[in-house]
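Trainee: what follows is a predicted protein model with its sequence.
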Amino acid sequence: MKKLVLVALSASILLATNGDNLIGLGAKSRAMGGVGIATYFGAENVLLNPAMIAKSSKTQVDFGATLFMPDVQANGTKSDADMSIMPEVFSSMKINENWAFGVGMFGAAGMGVDYRGHPNLMDARTNLMLMKFAPTVAYHTDGFSAGFAPVIQYGSLDIAYNMHNFGGSGVNQVGEGSSDHFGVGFAAGLNYDINQDLTLGLVYKSKINMTYKHTLSAASAPFVGFGIFPGAFADNLDQPAEYGLGLSYDINNFNLSFDYKKIKWGSADGYKDFGWNDQNVYALGAKYEKNGTWYSVGYNYASTPITKYPGTTPQGQALNLFNYLMFPATSETHFTAGAGTSITKNLSLDFSLVYSPSNTLTANTMIGPLTVKHSETSAELSMRYDF
């Protein structure tokens, strides 16, 4: 299992969207702004809302990959972490009239920068990668569905920089290489068909405890030596809990969907040490589908979870340095579109495009004022086969 995950994520440096989470999982969800709590997409719903796979009428297998092209700049210097590929596999099947089973393995989050060769930016390099494996079971009766998915998460974290710009003598590299960890959590969901056109969905995803040995502690140790931090950071960087509500409305060949999610960065170990705030995520999508072909557009918004410290104290400047230079999760607005069509009776192709326009933020750091610009473009292509 571990070797499979490492192969799938090799050379992958990501900058995701809502904090370091993808706005949606699967081409259809991402094409509609990341909705999926109350909107049925098939096997893609495995972790969007596990209850939704109870609506499966046949066996479905979905293979896809997302190409990420982030553009992150610090004081005009572009990060070399500007392209990566994230794979995904989903499957769902109807067991009987009431029960359905599904499974998904997919890259779900990540972020990173690469400023090696730029001493004015400390030659900073960071890389966080997360992949999840989720077997799912769901039950459906009389318009009501409930689903549950235990989640196994693999994560890898690397932080490195050079000290030559803030008090070190010579070029002293900080960082002990990447560290990986497996964590366990769960997702649970409900959905109710209020009538034949309107569906309500609820979902909860638990926090997943993750520990990356000798990463955050090593990266923060020099700041302890300078008297800036009272102690080194712990090596915990938990995947935060989240909960959400969704509405989906069908009229003729059109679907309108809205999701609200709360991501609890502020109570996740590691992120709370950096001062990240909880995020309110709003997603809106519209889809037209007829004769096996669909077209959709969407919108997703969540303000950045990063706290901007005043920068008038060494500690505030140091925290701004970590947040804005090394983990600049500053994307807020996303515009999405997509389309798909049936190639044969059983085979379909789906495509989505997500664009996050440039967001510019400035903060005072230990290397002086730092202006970060962050935009993203990503495209996903998936192939779906129905049995």
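Mentor: Nice, I can see it.

Trainee: which non-adjacent residue is nearest Trp99?
Mentor: Spatial nearest neighbour of Trp99, chain neighbours left out: Tyr139 (5.8 Å); criterion: CB to CB, 6 or more residues apart in numbering. For glycine as for every other residue, the C-beta is placed from the backbone atoms N, C-alpha and C.

Trainee: give me the neighbour count for the one you found.
Mentor: The local packing of Tyr139 (other CB atoms under 10 Å) involves 15 other residues.

Trainee: report the beta-bridge partners for it.
Mentor: Residues in a beta bridge with Tyr139, per DSSP bridges, are Trp99, Ala146.

Trainee: for it, give its distance to Thr304.
Mentor: Tyr139 is 38 Å from Thr304, where distance means CB to CB, to the nearest Å.

Trainee: what's downstream of the helix or strand that contains Thr199, the next helix or strand?
Mentor: Per DSSP states H and E, Thr199 falls inside strand 198-205. Per DSSP H and E, strand 198-205 leads on to helix 216-225 as the next helix or strand towards the C-terminus.

Trainee: for the record, mean pLDDT for the helix or strand just after that following helix?
Mentor: Next helix or strand after helix 216-225 toward the C-terminus (DSSP H and E): strand 242-251. What strand 242-251 shows for mean pLDDT is 97.

Trainee: ok, strand 242-251: who's next to it in the sheet?
Mentor: strand 198-205 (antiparallel), strand 254-263 (antiparallel).

Trainee: how far does it sit from the chain's center?
Mentor: Computed by CA atoms, centre = their mean, to the nearest Å, the chain-centroid distance of strand 242-251 equals 19 Å.

Trainee: now swap in stretch 58-71 and tell me
Mentor: On the basis of CA atoms, centre = their mean, stretch 58-71 sits 13 Å off its chain's mean C-alpha point.

Trainee: how about stretch 58-74: buried residues?
Mentor: By 16 or more other CB atoms under 10 Å, the buried positions in stretch 58-74 come out as 60-62, 64-66, 68, 70, 72-74.

Trainee: no wait, stretch 232-247
Mentor: Buried-residue list, stretch 232-247, by 16+ other CB under 10 Å: 232-233, 235-244, 246-247.

Trainee: re earlier: from the buried residues of stretch 58-74, which two are the most distant?
Mentor: Spanning the widest gap among the buried residues of stretch 58-74 are Gln60 and Ala74, at 43.0 Å by CB to CB.

Trainee: make TSV out of the strands paired with strand 242-251 and add mean pLDDT, distance to Ala38 and mean neighbour count.
Mentor: As requested, the strands paired with strand 242-251 are exported to TSV (pLDDT from 0 to 100; distance: least, CB to CB, whole Å; neighbours: other CB atoms under 10 Å):
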stretch	mean pLDDT	distance to Ala38	mean neighbour count
strand 198-205	98	3	20
strand 254-263	97	7	20
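
Trainee: how about JSON lines for the ones you listed, with distance to Tyr212 added?
Mentor: Below are the strands paired with strand 242-251 laid out as JSON lines (distance: least, CB to CB, whole Å):
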{"stretch": "strand 198-205", "distance to Tyr212": "20"}
{"stretch": "strand 254-263", "distance to Tyr212": "20"}
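
Trainee: looking at those strands, which is nearest to Gly185?
Mentor: The closest of the strands paired with strand 242-251 to Gly185 is strand 198-205. By CB to CB, the value is 7.0 Å.

Trainee: circling back to that earlier point, and which of the buried residues of stretch 232-247 is nearest Gly285?
Mentor: Gly285 has its nearest neighbour among the buried residues of stretch 232-247 in Gly246, at 10.2 Å by CB to CB.

Trainee: the closest residue to that closest one other than its chain neighbours: what's it in contact with?
Mentor: Nearest in space to Gly246, with sequence neighbours left out and distances taken as CB to CB, 6+ apart, is Ile37 at 2.8 Å. Residues in contact with Ile37, defined by CB atoms under 8 Å, 6 or more residues apart in numbering, are 48-49, 189, 191, 201-203, 244-246, 259, 261.

Trainee: if you set the cut-off to 10 Å instead, what comes out?
Mentor: By CB atoms under 10 Å, 6 or more residues apart in numbering, the contact set of Ile37 is 29, 45, 48-49, 51-52, 189-191, 199-203, 243-248, 257-261, 283.

Trainee: could you do Gly201 as well?
Mentor: Applying CB under 10 Å, 6+ apart to Gly201 gives the contacts 35-40, 45, 48-49, 51-52, 145, 189-192, 244-248, 257, 259.

Trainee: can you rerun that using 6 Å?
Mentor: 37-38, 49, 191, 246 (CB atoms under 6 Å, 6 or more residues apart in numbering).

Trainee: out of those, list just those in strands.
Mentor: Judged by DSSP state E, strands contain the following of the contacts of Gly201: 191, 246.

Trainee: confidence score at the residue lying closest to Asn49 once chain neighbours are set aside?
Mentor: Spatial nearest neighbour of Asn49, chain neighbours left out: Gly189 (3.9 Å); criterion: CB to CB, 6+ apart. Looking at Gly189, its pLDDT stands at 97.

Trainee: what's the answer for the one 5 residues further on, then?
Mentor: The confidence metric pLDDT takes the value 96 at Ile194.

Trainee: count of neighbours near it?
Mentor: 12.

Trainee: cool, and Asp250?
Mentor: Asp250 has 17 neighbouring residues, counting by other CB under 10 Å.
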